[in-house]
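Participant: task: produce atomic coordinates for the following.
(2 chains)
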Amino acid sequence: MLILTNEPEHEREREKSRFKVALRAISRRTLGQGLGFHREVRNLGLGFGNVRELQTFSLPDLPYDYGALEPAISREIMQLHHQKHHQTYVTNFNKALEQLHDAMSKGDSSTVVKLQSAIKFNGGGHINHSIFWKNLRPVREGGGEPPKGSLGQAIDTQFGSLEALVQKINTEGAALQGSGWVWLALDKEMKKLSVETTVNQDPLVTRGSMLVPLLGVDVWEHAYYLQYKNVRPDYLKNIWKVMNWKYASEVYGKECA
Amino acid sequence: MGSCCNNLFLPSSHPLASDFSQHFRCPKLPYLQRKGMLHGLQRASKVLAYYGLKTPPYKLDALEPYISQRTLEMHWGGHHRDYVEGLNKQLEKNNILYGCTMDELVKVTYNNGNPLPEFNNAAQVWNHDFFWESMQPGGGDMPKLGVLQQIEKDFGSFTNFKEKFIESALTLFGSGWVWLVLKRTEKCLAVVKTSNAITPLVWDDIPIISLDMWEHAYYLDYKVHNHHKGLFLFSIVNPSLIDPWGSSMQNDKGKYVNVFMDHLVSWNAATARMARAEAFVNLGYPKIPVA
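Facilitator: Take a look at the predicted model:
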């Protein structure tokens, strides 16, 4: 519900809010395609217009069918991974954020601190998986095609060849104990590529604030178990057939422009 | 995959035998002789200690319908076996670690928080041995006598302990284990969760029961409902399996954890382990006879 003050300095806020209402209506009609979140504007009742926004995050749609990545990744896995695992991260992320909002407004600092691990885990899960879906593409839409242009050149310069890079990522991914991710990262300051690993659902920035993820591979067991059982190296070998290098090149081009 | 045919092993159904993990693998010897690696051992007795894959104290289909034979074959025959073979391969190169018992190896390779590369394999072998023996067909129910008394003393009631255990299992981030341990310095039982391969053994505490919360432990059985319709329907009929935390994925983990507590956990093994632990940790008040 929107309760807006009439003070002139909030004219723009009101405009923004009207726009948001309209946007929300549109987004609801298009079933949230492509939009990762929608906003609710809440006034905390303090007459000076302390408008605090509580964003809720929602599960992004896959840009392809669940079965489109066969046989590299099975339909069953894609469905479970997207509808159950990613959805759970989103749900719990929203829950944690709501609890954080309450704790902050009550000034309960110990709860604020206690919630940090849940936010890191579930928020990280949401962030990482959102990138992951974009990293994959069905073969007929260009999945698996090697990178050309500036990213391809950078890979050849810094790793020797694409095969060498893939080999490095696969080795690090297979060696990762427990649950985590392996990334092709770009240091946007140094303009250097690197291979990084993160544990659990830690996002790439925890390994360096200048790091931008170009490609991420989920090596949690849920990402491959139903199809590849405990043979993680096979999963890592096959996932390159549906890797979306176009996305990586776009991100690389944007950061290195 | 129901038997480990080329390893000799002590009957692991005896709970107190869980520390005897040295298995003598004579077939390795000629290979090493060829590689010239025997060195000074040629004149000593011709046996080298390696670690073998211990079979669980029950057949692989004995835990149906709670844990399927397929999962046990995968989990024990695949994962656990890989850890054992990985460990043996690592030990071939590093003979400082020869001759330890499994417990010692875990503590030594943990290296006070800076684990050596062998730690992961060693700890996971130990963890899985412990886990198989923490379960039994027809398990669950309640502990008796001393274990129950200690639980009631340290948690208030068995229900409290059960809730705490389940909550820990469901709030574990990533891969790990949940344990009921006897803490050596505090002299009380506690529920502890650890990540990846860590075991309370490295903090010198005494584990009593463990539950594997790595995804491979429950994924095949509790993720895909249409493959295990029977189990799913069973869980609808049996209200004790309904997960109180309510989120759709927690329900799968929740079902697994509840099933473990209600039908699989071996309180017999726990009793034996507690009995042994009391030789090292003084739990009770001395019984001073009244004249």
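Participant: all contacts plus neighbour counts: C-alpha atoms, from now on.
Facilitator: OK.
Participant: get me the contact residues on chain A for chain B.
Facilitator: For chain A, the residues in contact with chain B (Cα under 8 Å from any Cα of the partner chain) are A:84-85, A:88, A:121, A:177-180, A:200-201, A:221-222, A:225-226, A:229-230.
Participant: next step: the residues you listed restricted to strands.
Facilitator: A:Gly180 (DSSP state E).
Participant: are any of the residues of chain A next to chain B buried, and which?
Facilitator: Using 16 or more other Cα atoms under 10 Å in any protein chain shown as the burial test, the residues of chain A next to chain B include A:84-85, A:88, A:121, A:178-180, A:200-201, A:221-222, A:225-226, A:229-230 as buried.
Participant: what's the closest of the residues of chain A next to chain B to B:Tyr256?
Facilitator: A:His222 (15.4 Å; Cα to Cα).
Participant: I'd assumed B:Glu215 was in contact with that closest one.
Facilitator: Yes - counting by Cα atoms under 8 Å, A:His222 touches B:Glu215, with 6.6 Å between them.
Participant: what's the following helix or strand after the helix or strand hosting A:Gln55?
Facilitator: Using DSSP states H and E, A:Gln55 maps to strand A:51-57. In the C-terminal direction, the helix or strand that comes right after strand A:51-57 (DSSP H and E) is helix A:75-79.
Participant: quick check: mean pLDDT across that next one?
Facilitator: Mean pLDDT, helix A:75-79: 93.
Participant: same for that helix, what does it pack against?
Facilitator: helix A:225-228 (3 or more Cα pairs under 8 Å, 6 or more residues apart in numbering or on different chains; DSSP states H and E).
Participant: 7 Å instead?
Facilitator: Contacting helix A:75-79 under the criterion 3 or more Cα pairs under 7 Å, 6 or more residues apart in numbering or on different chains; DSSP states H and E is no other helix or strand.
Participant: and it, how far from the chain's centre?
Facilitator: 18 Å (Cα atoms, centre = their mean, to the nearest Å).
Participant: in it, which residues are buried?
Facilitator: Neighbour count says helix A:75-79 has A:Arg75, A:Ile77, A:Met78 buried, by 16+ other Cα under 10 Å.
Participant: one more: stretch A:117-133?
Facilitator: By neighbour count on 16+ other Cα under 10 Å, the buried set for stretch A:117-133 is A:118-133.
Participant: and that stretch, C-alpha only, in CSV?
Facilitator: Output in CSV follows, covering the C-alpha atoms of stretch A:117-133 (Å, rounded to 0.1, in the frame of the first residue of the first chain):
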residue,chain,number,x,y,z
SER,A,117,25.6,-16.3,7.1
ALA,A,118,22.1,-17.1,5.9
ILE,A,119,22.1,-14.1,3.6
LYS,A,120,25.6,-15.0,2.2
PHE,A,121,24.5,-18.6,1.7
ASN,A,122,21.1,-18.1,0.2
GLY,A,123,21.8,-14.8,-1.6
GLY,A,124,25.0,-16.3,-3.0
GLY,A,125,23.1,-19.3,-4.2
HIS,A,126,20.6,-17.0,-5.9
ILE,A,127,23.3,-14.9,-7.5
ASN,A,128,25.5,-17.9,-8.6
HIS,A,129,22.6,-19.9,-10.1
SER,A,130,21.3,-16.8,-12.0
ILE,A,131,24.6,-16.5,-13.6
PHE,A,132,24.8,-20.3,-14.2
TRP,A,133,21.6,-20.4,-16.2
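Participant: what sits up against it?
Facilitator: Stretch A:117-133 is touched from outside by A:60, A:62, A:86, A:89-90, A:92-93, A:96, A:201-203, A:216-217, with contacts defined as Cα atoms under 7 Å, 6 or more residues apart in numbering or on different chains.
Participant: fine by me, we can end here.
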